[in-house]
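In: compute the structure for the input listed below.
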Amino acid sequence: NHGVQFFDGTPRFEKKYNCFYHCANLVSAILPSSINSIGNNAFDRCTSLVSVSIPNSVTGIGEYAFYQCYSLQTITIPESVNNIGNSAFLYCNALRSVTILGTINSIDNHAFHECKNLYDIFYFGDSTPTVVTGSNASFKSCPATIYVKADFTPVYFYVWDSNNNTPVNGDWPGKEISAT
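Out: Residues are numbered from 1 along each chain as shown. A predicted model of the protein is given here:
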């Protein structure tokens, strides 16, 4: 078992950069409710990381927080998170599903860039997050469909066409889902 579990009262690591940098054998992490954010490069290159449990106390996910976590398959982002930093999930090639339980203010440059197996994003927020478009698109080269809750009003933004790597105009590509 190559997991790590923190308990409330564990020394904070959110301000520390690279706290699990390149822990290639780390498979799972359960984070304590005492942390406020996941710092920059926190799990950078944890190539065997399959799962991480993020508590509802976390308000932000830092830049490159899960960069090159090639084995990460799904992630649930709690209601408390309001920002996903630059390249936070860059090159998470096994990532297939993301569930965002609350309203995100911004999803920054390349946040899910090159997540080539990310097919489903379930967004339960009440308003549209600010996403980056064009060459630094938040979802560049990502084939995902974004599903939104039924009372959400879609807005206009760019969709990245991963087949020919060019931005194309499009509506919010969501389909209605119901919160359970």
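In: stretch 126-140: which residues count as buried?
Out: T128, P129, V131, V132, A137, S138, F139, K140 (16 or more other C-beta atoms under 10 Å). All C-beta spots, glycine's among them, are computed from the backbone N, C-alpha and C.
In: centre of the chain to that stretch, how far?
Out: 12 Å (C-alpha atoms, centre = their mean, to the nearest Å).
In: cool, and stretch 41-52?
Out: Put simply, stretch 41-52 sits 12 Å off its chain's centre (C-alpha atoms, centre = their mean).
In: between the two ends of that stretch, how far is it?
Out: End-to-end distance for stretch 41-52: 15 Å, by C-alpha to C-alpha, to the nearest Å.
In: how about residues contacting it?
Out: By C-beta atoms under 8 Å, 6 or more residues apart in numbering, the residues outside stretch 41-52 that reach it are 2, 13-14, 17-31, 62-75.
In: equivalent analysis for stretch 95-107, please.
Out: 72-84, 89, 112, 115, 117-127, 129-132, 138-139, 144.
In: could you pull up the mean pLDDT of stretch 61-80?
Out: For stretch 61-80, the mean per-residue pLDDT is 96.
In: again, but for stretch 35-45
Out: For stretch 35-45, mean pLDDT rounds to 92.
In: tell me which residues of that stretch come out buried.
Out: I35, S37, I38, G39, N40, N41, A42, F43, D44, R45.
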